Each structure stands twice: as C-alpha cells, then as structure tokens.
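1. got a sequence here, can you build the structure:
(3 chains)
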Amino acid sequence: MAISAVTFWRLLHGVCPEQCEELAMTERMVAITMAIFYVLLLFMIIAAITAIETKNLLSSVICVGAIGFGASLMFLFLRAPDIAITQIVVEVLGLIILIRATISRDLTFITGDKEFFGTVISVVIIFVIFLAGVKVFETLPDFGTAIFAEVPNAASKKYIAEGLQKTGAANIVSSVILDYRAYDTLGETTVLFTSIVGATVILRKKAKKQLEDPD
Amino acid sequence: MPYALCFLLFMLGLYCAVVKKNMVKIVIGIMVMEYAVNLFLVMLGYRSGGTAPIIDKTQFDPATQQIAAGFLNTSVDPLPQALVLTAIVISLGSLALMISICVRTYEKYGTFDITQIRRLKG
Amino acid sequence: MKGMTIIVKTVSSWVKVLIVLFGIYIILFGHLTPGGGFAGGVILASSYVLLMLAFGREFVQKDLPLALDSKLDCLGAFFFALIAILGLVFSGVFFVNFLYQKYLPGQPLKLISAGTIPLSNIAIGLKVGASLFLVIFLLSTFRRDTSAGR
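-> Predicted structure coming up:
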C-alpha cells in the first residue's frame, strides 16, 4: 500500500523519470484502481454510519441503497461483472421492499430509557473484536496478490486451465456454478424456495379469522 | 488495509443489529453485514492488474483449441465469485422474509419498537 | 393501489419491452458473456415490478395471476431437478453435463455449446424471477389491506 501511495503522489506531482515510462503506466493504473477502492470504501462507511444514526427511517433506507450501489461499483472494479449486474438489481428490489414496509407505517420516534450501560458494553466488545480482527488480517497475504496461485493444488487453477475443454462454457464462473459445483446451485434453489414459501405463509390473511374465534 | 475497512463495515452492521430498538433498523444492520461479507469474499480473490475470468476471441485459438498461455497468469479467482453470486440472491429472499415478519408484527402490535412488544403480552 | 400519471405509464410500457429483452439476453448468453441465470432472473422480476408500480396492482393481477406465477416458479425448480436426474439416467452420475460429454458438444464460443448449461440457466432464471416477483406482489397486497383496515 505504501508503494502505491508513493506512486500516486508522484503521479499527482508529475515527478517521474522518462526511462520507466511503461512501468509507470502499469503502476499508474494500479495506483488509480487502489485509490478508487479506498474512495468507494470510505463512501460506503460514511453511508453506513448515516444509515445507523439517523432517526428518520426513510433516510436510513436510502443510505442502505447507497451502500449497495457502492458495493456494485466495487464489484465492477474487482473484475467481477456477473456479480455487479446481480448486486445492482438486487439492491434496487431490496430498496423497493424496504420502502414499501416503512413509508406508510406510523413513524413513531422511539422514546423511553436509553439503556446507557448496555450500549457502552456492546460498543466496547465490538471494538475489542475489531482490533482482534485487524490483527488476524495482517497475517493474510497483501491485497492484490493472487492467493490461489501460491497454494499447491488449488481447485481454481484447474477450473481456469481446463474449464473450456471440459465443459464448453466460455464464462468460467458459469461453468463453476452449473457444472463443477452444481450441488451448491441446487441448494441455493431450495433455500430461495423455502424462504419464499415462508414469506407467503406469514403474509396470509384468510386463516386469521378462524384462528381467533375459539379464543 | 482494504480488508480492515471491509471488516469495519461488518462491525458497523453488527453494532446496528445489536443495539438499536427499531425493528427496521435491525433489518438494516443485517443487510449491511451481508453486503460487507460478500465484498470481503470477492476481495480475497482479486489479483492486481488482472482480468475477468471470461474467455473471449482474443484468448482462444480455434485452430489448436487452446487457451492463451497468459490467461492463467492474469485471471482473477472464479471460485469466490461463484459462491457470492448465489449468496446475493439468497440475501434478497431472506430480506423479504424478515420484512414480512416486521409487517405482521406491526399489524398486531401497532409499533416497530421491540421493547413495547415484550411488554404487551397476550 | 392506483397507478401513476400518464407520462409514467407511457414511458414504462415502452421501457418494459427493453427490460424483458435484456433479461432474456442475459439468461440465454450466460455461458458466453457475464450474467447467467441469477442476474437474468432478477432483471425479469424487476420488469414486472416496474409494471406494478406504474399501472397499479389490479392490472398486473389480470396480466400475470398469482396462480400462474406460482406454477411458473415450481416449473422452473422442477425443470432444474429434471436436468439433474436425466444426467443420472443417461450417464450414470448425478448432475453430469451429459449433453456436452456425449451427444451434442457444439463449438466453443458459439451459442449452442456447453451442453446442459444454457438449459440450467433458463430453469434458474425462470425460478428466481417468478419467486421474487411473487413475494414483492404479496407484500404490497398485504400493505394495502391492513392500512385500509386500521
């Protein structure tokens, strides 16, 4: 990260020797991509803090939409176009569902005792977990190095090298979800089906009258 | 460092899901946690200066039916992308389920506040 | 639930055709370009959600009744399971890509290639689109009836 920051600084100030033109071009692209990542992550964190702290429910729902949009842009720059398409449309549909639930309900502001002690304990515990997590992430390889290229028998190398010959699909992600790992897709279909059936059963209105009469 | 920012996003969502009293705010906290986890999984498979894992005409030689040799060295990891693709659609299904529970509870008790729901029994 | 103004209705009836076409393109070419069954399915669902927001709920109830929607959902899931079982019947291994390996290899980078992968994409697109539209329709139906009753 320090190297890309130095390169970005050099780019800003125009200090670059003429000999390493091509090397500076690749480094420039990498530095610009890293800067875009940081800007998008900062945007998402600010939107998350706004979504959590405002008292107006409609504002926080719109900020969640902004987080989803930032995530979709990040997926695009992380070279995952299928996921970017899916994320942007899912975020729009989720926003419609959330606004439907909150827009004509009684927006009563939550009053009452604030439970100061419980809030402080939760914040302290979450901060401790965050510090421990940052220590764990320092043991991972740097962001940007391909982890699967260093593991000896990684499955991803086999999928990339033999994907077109063994399955015939040019999109390797499609061949992974529908040929190599098709059981996971079957499980996902089942989970989606179950959650939709559960939502349909909860939103049913006709059986309500028969349940309340004998009471 | 990007990993730490993504983890910070996850912790913000966890704080919102644990501390807030409004049911819709709890659902928003769970959604933020899901976005952060999907982002982290795709960030693990990224390679600097890499290309998307899709083979097009420039990398495929129809005469020998071989992929260009450099593709293995510049492609990003397709496996986390495959896992995250299904996880995003499942998160929409679970959001629908959570919101239908919230709407049903609002219809019965008249409020979104979870402390009020604990006190109104019967 | 009433619809919106006449401008929104006109524009959305033109745009709806483009969205459905784009969704079908993403599903069918899922094995060649980015996309696949999931992305195309949610795009198809969002085209019907646009129709519901612009024209009102009764119009969509006549156009795509809930019973037909549930049947499309189950048909998609059944078709996907059928492809898996046909793999067992034809080649002895559950969920194998039997069309590519034995009967119809096709040429790489063309539309007809990769065996059962386009068929699985179509099944999943149908299922995901029908499911998500169903739940959004039920949520808006529920909201109208309860807030009228209160």
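2. against A:G168, how distant is A:T185?
-> Distance of A:T185 to A:G168, given as C-beta to C-beta, to the nearest Å: 18 Å. In short, each C-beta sits where N, CA and C put it, glycine included.
3. now B:C6: closest residue in space, sequence neighbours ignored.
-> Closest residue in space to B:C6, ignoring its immediate chain neighbours: B:F40 at 4.7 Å, by C-beta to C-beta, 6 or more residues apart in numbering or on different chains.
4. correct me, but that neighbour touches B:P2?
-> No. The criterion here is C-beta atoms under 8 Å, and B:F40 misses it with B:P2 at 9.2 Å.
5. neighbour-wise, which of the two wins?
-> Neighbour count, other C-beta atoms under 10 Å in any protein chain shown: between B:F40 and B:P2, B:P2 has more, with 21 against 18.
6. do I have it right that that one meets A:V39?
-> No. At 11.5 Å, B:P2 does not count as touching A:V39 under the criterion of C-beta under 8 Å.
7. what helix or strand does the residue nearest to B:C6 sit in?
-> helix B:23-44 (DSSP states H and E).
8. which helices and strands does that helix pack with?
-> Helix B:23-44 sits against helix A:21-53, helix A:57-77, helix A:81-102, helix B:2-19, helix B:78-109, with contacts defined as 3 or more C-beta pairs under 8 Å, 6 or more residues apart in numbering or on different chains; DSSP states H and E.
9. out of these, nearest to C:F22?
-> For C:F22, the closest of the helices and strands packed on helix B:23-44 is helix A:81-102, at 10.2 Å, according to C-beta to C-beta.
10. any regions of chain C where pLDDT drops low?
-> Across chain C, residues meeting the criterion (pLDDT under 70) sit at C:1-2, C:104-105, C:143-150.
11. so which bits of it are right by chain B?
-> Applying C-beta under 8 Å from any C-beta of the partner chain, we find that chain C lies next to chain B at C:33-34, C:36, C:38, C:41-42, C:108-109, C:128, C:131-132, C:135-136, C:138-139, C:142-143, C:146.
12. one step back: of A:T185 and A:G168, which one has the most company?
-> A:G168 (26 against 23).
13. show me the contacts for the more buried one.
-> The contact partners of A:G168, by C-beta atoms under 8 Å, 6 or more residues apart in numbering or on different chains, come to A:175, C:31, C:97, C:100, C:105-106, C:108, C:113-115, C:117.
14. keep only those of those that are in strands.
-> With strands defined by DSSP state E, no entry of the contacts of A:G168 lies inside them.
15. just among these, which is most surrounded?
-> Within those, neighbour counts (other C-beta under 10 Å) peak at C:A114, which reaches 32 neighbours.
16. now that residue: how far from chain A?
-> The gap separating C:A114 from chain A is 4 Å, by C-beta to the nearest C-beta, to the nearest Å.
17. same question, B:E107
-> As judged by C-beta to the nearest C-beta, B:E107 and chain A stand 10 Å apart.
18. pLDDT score assigned to residue 65?
-> All of this is about chain A. Listed pLDDT for A:G65 reads 93.
19. not quite, I wanted chain B
-> 65.
20. with just CA atoms, put the host helix or strand of C:I19 into PDB.
-> Using DSSP H and E, C:I19 maps to helix C:6-28. Extracted in PDB, the C-alpha atoms of helix C:6-28 (Å, rounded to 0.1, in the frame of the first residue of the first chain):
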ATOM      1  CA  ILE C   6     -50.000   9.200 -17.900                       C
ATOM      2  CA  ILE C   7     -46.400  10.100 -18.700                       C
ATOM      3  CA  VAL C   8     -45.000   7.400 -16.400                       C
ATOM      4  CA  LYS C   9     -47.500   4.800 -17.800                       C
ATOM      5  CA  THR C  10     -46.500   5.500 -21.400                       C
ATOM      6  CA  VAL C  11     -42.800   5.500 -20.900                       C
ATOM      7  CA  SER C  12     -42.800   2.400 -18.700                       C
ATOM      8  CA  SER C  13     -44.800   0.500 -21.300                       C
ATOM      9  CA  TRP C  14     -42.000   1.200 -23.800                       C
ATOM     10  CA  VAL C  15     -39.200   0.500 -21.400                       C
ATOM     11  CA  LYS C  16     -40.700  -2.700 -20.100                       C
ATOM     12  CA  VAL C  17     -40.100  -4.300 -23.500                       C
ATOM     13  CA  LEU C  18     -36.500  -3.400 -23.500                       C
ATOM     14  CA  ILE C  19     -36.000  -4.700 -19.900                       C
ATOM     15  CA  VAL C  20     -37.600  -8.100 -20.800                       C
ATOM     16  CA  LEU C  21     -35.500  -8.400 -23.900                       C
ATOM     17  CA  PHE C  22     -32.300  -7.500 -21.900                       C
ATOM     18  CA  GLY C  23     -33.200 -10.100 -19.300                       C
ATOM     19  CA  ILE C  24     -33.800 -12.800 -21.800                       C
ATOM     20  CA  TYR C  25     -30.500 -12.000 -23.500                       C
ATOM     21  CA  ILE C  26     -28.600 -12.200 -20.200                       C
ATOM     22  CA  ILE C  27     -30.100 -15.600 -19.400                       C
ATOM     23  CA  LEU C  28     -29.500 -17.100 -22.900                       C
END
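21. so which bits of it are buried?
-> The neighbour-count check on helix C:6-28 (16 or more other C-beta atoms under 10 Å in any protein chain shown) flags C:12, C:16, C:19, C:23, C:26-28 as buried.
22. ok, now stretch A:166-185?
-> Using 16+ other C-beta under 10 Å as the test for burial, stretch A:166-185 gives A:166-182, A:185.
23. show me the contacts for the closest residue to A:T102 other than its chain neighbours.
-> Nearest non-adjacent residue to A:T102, counting by C-beta to C-beta, 6+ apart: A:L57, 4.7 Å away. By C-beta under 8 Å, 6+ apart, A:L57 lies in contact with A:102, A:107, B:22, B:24-25.
24. give me the residues contacting the helix holding C:I19.
-> A:85, C:3, C:33, C:35-37, C:39-41, C:43-44, C:46-47, C:50-51, C:54-55, C:111, C:118, C:121-122, C:125, C:129.
25. whichever of those residues end up buried, select them in ChimeraX.
-> Under the burial definition 16+ other C-beta under 10 Å, those of the contacts of helix C:6-28 that qualify are selected in ChimeraX by:
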select /A:85 /C:3,33,35,36,37,39,40,41,43,44,46,47,50,51,54,55,118,121,122,125,129
